[in-house]
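> The following block contains a protein sequence and its predicted model.
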Amino acid sequence: MNWKDIPRYRLANLPTQIEHLKNLSDKLNGPNIYLKRDDETGLAFGGNKVRKLEFIVADALEKKADVMITSGGIQTNHGRLTVAAAVKAGIKPVLVITNDAPEAYEGNLLLDKLLGAEIHFAYPDDEQLTQQEKHNRARILGEEKVEEIKKKYENEGKNVYIVPRGGRSIPGTLGYCLASLEIYQQMIESKNHMDYIVTSVGSSSTIGGLLIGKKLFNIDTKIIGISVSRPASEIKKLVLEQAESFINHYNLDIHVSEDDITVFDSYIGEGYAIPTEKGVQAIKTLSETESVFMDHIYTGKGMSGLIDLIEKDYFKDTDNVMFIHTGGSPALFSLDSIKI
Ligand SMILES: Cc1ncc(COP(=O)(O)O)c(C=O)c1O
């Protein structure tokens, strides 16, 4: 693999800082907790997706894209950052939201609008369906909508680039593969070894990239995922598929097996984007101890998992445990339903 031949469109402020969360570590009286500030990657309120988008946008520019389409839920951070990255690169951003159109645009959706995205909504209006059935159906309708918009622009002679939900693609994987190298370099420079990295898991491409990077650069740090939506078995399957296609694409001499993947799926609560009591408590704890804002969809649930594991003595008191703040706090400004 020749890194210098891989196209990259710079969007992120890197390296992101690693902060020691002393107040939180003291409060929980367990391992040393560190925070990798990927919420401060810089572009349009930052987040993990910026790292992936550096390679996704470069790929789109190589393919001479005029239009970039992606989809996600109503508070999709991936959507906001894909739109922002497309704007920077001079590509027309189109976003398909797999929710009902809201009366007012808030949080990420407000930012999507400010960024000038063309926004579509795909949602079933069948009142007989349960919430979960509506959610599943909306995903299918969303895919159909993306195809319909793609055809429309292609008929106008435009080149259309589709970014999969969550940025889960080979170029996207490169972002977190290289993040693991960045973390490795920071560990060497600071002479401070991280025993564990903990991250929230949605589409699974962040943890997949980190695991591939760990193998590729031979990094002796365990990686733990906290699912915010999917069962652990599904995430393992997704990560193995992602690793296989990445390894084949670049013809790499590494292997990722199921034993390499540690994921907890007991912090999801009722489902994706539905706040949990422990997640909200984690948001409050991080704000009150460290002045760091997390969100109810991803990082709050992820942090609630880390706090629970610490309380259950999963780690040794001498361990260094680094949580990746993957961003997402704009979603806080859409919340009127959680009780603080
Ligand atoms: C703030 C935030 N954290 C974590 C994730 C999960 O990342 P991944 O989809 O790569 O698993 C996302 C995905 O949208 C996110 O927006």
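Alright, I've got the coordinates.
> What helices and strands are in contact with the strand or helix carrying S25?
According to DSSP states H and E, S25 maps onto helix 22-28. Judged by 3 or more CB pairs under 8 Å, 6 or more residues apart in numbering; DSSP states H and E, the packing partners of helix 22-28 are strand 32-36, helix 277-290, helix 299-311. Just so you know, the C-beta spots here come from the backbone N, C-alpha and C atoms, and that holds for glycine as well.
> out of those, nearest to the ligand?
Shortest distance between the ligand and the helices and strands packed on helix 22-28, using CB to the nearest ligand atom, is found for helix 299-311: 5.8 Å.
> contacting residues around the closest one?
28, 30-31, 33, 39, 198-201, 224, 226, 228, 264, 266-269, 275-276, 278-283, 285-286, 294, 315, 321, 323, 325-329 (CB atoms under 8 Å, 6 or more residues apart in numbering).
> can you pull the buried residues of that helix?
T299, G300, K301, G302, M303, S304, G305, L306, I307, D308, L309, I310 (16 or more other CB atoms under 10 Å).
> Could you export those residues as a markdown table, including distance to the ligand and pLDDT?
Listed next are the buried residues of helix 299-311 as a markdown table, based on distance: CB to the nearest ligand atom, whole Å; pLDDT from 0 to 100:
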| residue | distance to the ligand | pLDDT |
| --- | --- | --- |
| T299 | 6 | 98 |
| G300 | 10 | 98 |
| K301 | 9 | 98 |
| G302 | 7 | 98 |
| M303 | 11 | 98 |
| S304 | 14 | 98 |
| G305 | 12 | 98 |
| L306 | 13 | 99 |
| I307 | 17 | 98 |
| D308 | 18 | 98 |
| L309 | 18 | 98 |
| I310 | 20 | 98 |
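> Would stretch 73-82 count as contacting the ligand?
Yes. Stretch 73-82 lies within reach of the ligand by CB under 6 Å from any ligand atom, at N77, H78.
> Counting neighbours, what do you get for the spatially closest residue to G300 that is not a sequence neighbour?
Closest residue to G300 apart from its sequence neighbours, by CB to CB, 6 or more residues apart in numbering: G279 at 3.9 Å. Using other CB atoms under 10 Å as the criterion, G279 is surrounded by 27 other residues.
> pLDDT on the helix holding S25, on average?
The pLDDT scores in helix 22-28 average 98.
> For it, give me every contacting residue.
Here helix 22-28 has contacts from P31, N32, I33, T285, L286, T289, E290, I307, I310, E311, using CB under 8 Å, 6+ apart.
> which of the residues you listed lies closest to K215?
Among the contacts of helix 22-28, P31 lies closest to K215 (CB to CB), at 24.1 Å.
> ok, the closest one to the ligand distance?
As defined by CB to the nearest ligand atom, to the nearest Å, P31 lies at a distance of 22 Å from the ligand.
> Run through the residues of the stretch 51-200 of the chain sitting next to the ligand.
N77, H78, G166, S200.
> Restricted to strands, list the residues you listed.
In strands, defined here by DSSP state E, the members of those are S200.
> quick one: which of the residues of the stretch 51-200 of the chain next to the ligand sit in helices?
Using DSSP state H, the members of those that fall in helices are N77, H78.
> Looking at the residues of the stretch 51-200 of the chain next to the ligand, which has the smallest pLDDT value?
G166 (94).
> OK, contacts around it?
Taking CB under 8 Å, 6+ apart as the definition, contacts of G166 comprise K49, G72, H78, G172, G202, S203, S204, S205.
> Show the contacting residues for T262.
For T262, the contact set (CB under 8 Å, 6+ apart) comprises K222, I223, I224, G225.
> is it true that I219 touches Q185?
No. At 10.4 Å, I219 and Q185 do not qualify as touching, with contact defined as CB atoms under 8 Å.
> looking at this, E19 is in a helix?
No. Read with DSSP: H, G, I helix; E, B strand; the rest coil, E19 is strand and lies in no helix.
> I'd like to know the beta-bridge partner residues of it.
Taking DSSP bridges, one obtains L35 as the residues bridged to E19.
> Check E133 and give its pLDDT.
At E133, the pLDDT recorded in the model is 89.
> Under the pLDDT cut-off, which ranges of this structure? List them.
Within the chain, the segments meeting pLDDT under 70 span 336-340.
> Can you give me the domain boundaries for it?
3-48+168-334, 49-166 (automatic domain parsing).
> do you know how far the residue in the stretch 1-150 of the chain that the ligand sits nearest to is from K145?
Per CB to the nearest ligand atom, the residue of the stretch 1-150 of the chain with the smallest distance to the ligand is N77, at 3.3 Å. In this view, N77 and K145 are 20 Å apart by CB to CB, to the nearest Å.
> which one of those two has more residues nearby?
A direct count of neighbours by other CB under 10 Å for N77 and K145 places N77 higher, at 31 against 20.
> And the more buried one, how close does it get to H20?
26 Å.
> now swap in Y267 and tell me
24 Å.
> Between those two, tell me which one has more neighbours.
Set Y267 next to H20 and count neighbours by other CB under 10 Å: Y267 wins out with 23 against 16.
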